[in-house]
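Novice: fold the following.
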Amino acid sequence: VNGIRLFNRQINKGGEGIADVPAMAMVEAKALQETLQKNLTLVERKAKLYDEVLNFEYRNPGSIAGSVDRLMSELTQRRQLIMCYHQLLFETTSGLKSLRNMHQKLQLIMEELKSLVGGKTAIPKETVYPHFVSLSAVWASMEGEREMITMRQ
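Specialist: The predicted structure follows:
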């Protein structure tokens, strides 16, 4: 049923209330990717500063007033955060690629359905239903990827 509603939405003959999941997922994934990249860059800069201060202290013992242990702990925490950002960025980029592939598949199925249906009023269900099932499955996968994007935020 979902595949039929999606097709009807595409040809403007129904499907009211169905959100444009592909467009929303792409926008959200791109925004998340940009945010993660910006945050990763900031944390990498801070980690580099901690590293430089610790190296300076190593070369010139007693030159900083703060606790070396505390600075080392902060540097370790920043490096762990960098690893987390890299993983999230990798997952988001992979998700974005998946979304693009699913969007292409969705468009292909829609085009196949349009060519099958055309202006016909009656089509054997054995011919058209597998396409509706495929359409629904791709849509559900896109919704799932959108949920993953939301969790990564």
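Novice: quick one: residue 4 and residue 132 touch, right?
Specialist: Yes: under the criterion of Cβ atoms under 8 Å, residue 4 is in contact with residue 132, at a separation of 5.4 Å. The C-beta positions use only the backbone N, C-alpha and C, and glycine is treated the same way.
Novice: neighbour count winner among those two?
Specialist: residue 132 (19 against 16; other Cβ atoms under 10 Å).
Novice: can you give me the helices in the chain?
Specialist: 2-10, 21-59, 68-117, 125-152 (DSSP state H).
Novice: please identify the deepest-packed of these.
Specialist: Highest mean neighbour count of these: helix 2-10, a mean of 18 (counted as mean count of other Cβ atoms under 10 Å).
Novice: and it, how far out from the chain middle?
Specialist: 24 Å (Cα atoms, centre = their mean, to the nearest Å).
Novice: which one in the chain is furthest away from the centre?
Specialist: In the chain, residue 62 marks the outermost C-alpha relative to the chain mean, sitting 47.0 Å out by Cα atoms, centre = their mean.
Novice: how about it, phi and psi?
Specialist: Note on residue 62: backbone dihedrals following degrees, to the nearest 10 are phi 80, psi 10.
Novice: related to what we said a few turns ago, reformat the helices of the chain as TSV; add mean pLDDT.
Specialist: Formatted as TSV, the helices of the chain follow (pLDDT from 0 to 100):
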stretch	mean pLDDT
helix 2-10	89
helix 21-59	96
helix 68-117	95
helix 125-152	92
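Novice: distance of the residue lying closest to residue 110 once chain neighbours are set aside from residue 115?
Specialist: Closest residue to residue 110 apart from its sequence neighbours, by Cβ to Cβ, 6 or more residues apart in numbering: residue 10 at 5.3 Å. Distance, residue 10 to residue 115, by Cβ to Cβ, to the nearest Å: 13 Å.
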